[in-house]
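Chemist: sharing a model that was predicted from the sequence below.
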Amino acid sequence: MKKERLEMFTDGFIVIIITLMVLEIKLPEPDAEHFWLLIQDIGIYALSFVVIAITWVNHHNMFLSAETISTRIIWINFSLLFFMSLIPLATAPLCIHFYKRESHMFYGAVLTLVSLTYTLLQFNLNRLLKSINDKDKRRINKINWLATILYALSIPLSFISIYLSTVIFIMFPVIYFIPSKRLVKDLE
């Protein structure tokens, strides 16, 4: 199969996921009494939106060098989309019950599964690509596994403190937007 067909399907599916996320979130009354709840809910929605956007951008970049894809890649991609489709489902309880550890555990479990399937997709696609050197493949693989492990750790850490899991949820989107030394060197 040509990669363009998979990419178009993935793009359309992710648009639907973001739309569902918007529809799932029930914001509190926009008054002075509920102002901080409103800010919290918008922040959680923004976090989920950014996680989806980062995954989409990385997915696009991952497929730039590919010309064709295998059936294995297609099914791992479908698994990734399935777990991404759970993000709206996990975002809503986190907004409604932010102080319940079960909400954090569910959100952490969903992000772990998204990260795991993304890591497997990247690993399997990199095995097919000759244009990426082995050093870069290992570096990408390490980063992906680190994200997966930390998201998985957010689940038991929720028992200790919901704020520990919150830090993990926020950490990767923040790190994503910090320019790497390599990028800065390339720009100079």
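Modeler: Arrived safely.
Chemist: where's the most centrally placed residue in the chain, which helix or strand?
Modeler: By C-alpha atoms, centre = their mean, the chain has its centre lying nearest to Val51, at 4.0 Å. Taking DSSP states H and E as the criterion, Val51 maps to helix 35-62.
Chemist: which strands and helices sit next to that helix?
Modeler: The elements that helix 35-62 packs onto, with contact taken as 3 or more C-beta pairs under 8 Å, 6 or more residues apart in numbering; DSSP states H and E, are helix 3-24, helix 71-85, helix 87-96, helix 101-128, helix 162-176. C-beta: built from backbone N, CA, C; applies to glycine.
Chemist: what about dumping the CA coordinates of the first one to CSV?
Modeler: Looking back up the chat, that one is helix 3-24. C-alpha atoms of helix 3-24 as CSV (Å, rounded to 0.1, in the frame of the first residue of the first chain):
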residue,chain,number,x,y,z
LYS,A,3,1.8,5.6,2.4
GLU,A,4,-0.4,8.5,1.2
ARG,A,5,-3.6,6.4,1.6
LEU,A,6,-2.7,5.6,5.3
GLU,A,7,-1.7,9.2,6.0
MET,A,8,-5.0,10.6,4.6
PHE,A,9,-7.0,8.1,6.6
THR,A,10,-5.0,9.0,9.8
ASP,A,11,-5.4,12.7,9.2
GLY,A,12,-9.2,12.4,8.8
PHE,A,13,-9.4,10.2,11.9
ILE,A,14,-7.4,12.6,14.0
VAL,A,15,-9.7,15.4,13.0
ILE,A,16,-12.6,13.4,14.2
ILE,A,17,-10.8,12.6,17.5
ILE,A,18,-10.3,16.3,18.2
THR,A,19,-13.9,17.1,17.3
LEU,A,20,-15.2,14.4,19.7
MET,A,21,-12.9,15.8,22.4
VAL,A,22,-14.5,19.2,22.0
LEU,A,23,-18.0,17.7,22.2
GLU,A,24,-17.2,15.6,25.3
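Chemist: list the buried residues in it.
Modeler: Lys3, Leu6, Glu7, Thr10, Phe13, Ile14, Ile17, Ile18, Leu20, Met21, Glu24 (16 or more other C-beta atoms under 10 Å).
Chemist: what sits against the residue lying closest to Glu67 once chain neighbours are set aside?
Modeler: Once flanking residues are discounted, Glu67 sits nearest to Lys3: 6.7 Å by C-beta to C-beta, 6 or more residues apart in numbering. Counting by C-beta atoms under 8 Å, 6 or more residues apart in numbering, Lys3 touches Phe63, Ala66, Glu67, Thr68, Ile69.
Chemist: quick one: the last one and Leu125 touch, right?
Modeler: Yes - with contact taken as C-beta atoms under 8 Å, Ile69 and Leu125 are classed as touching, separated by 7.4 Å.
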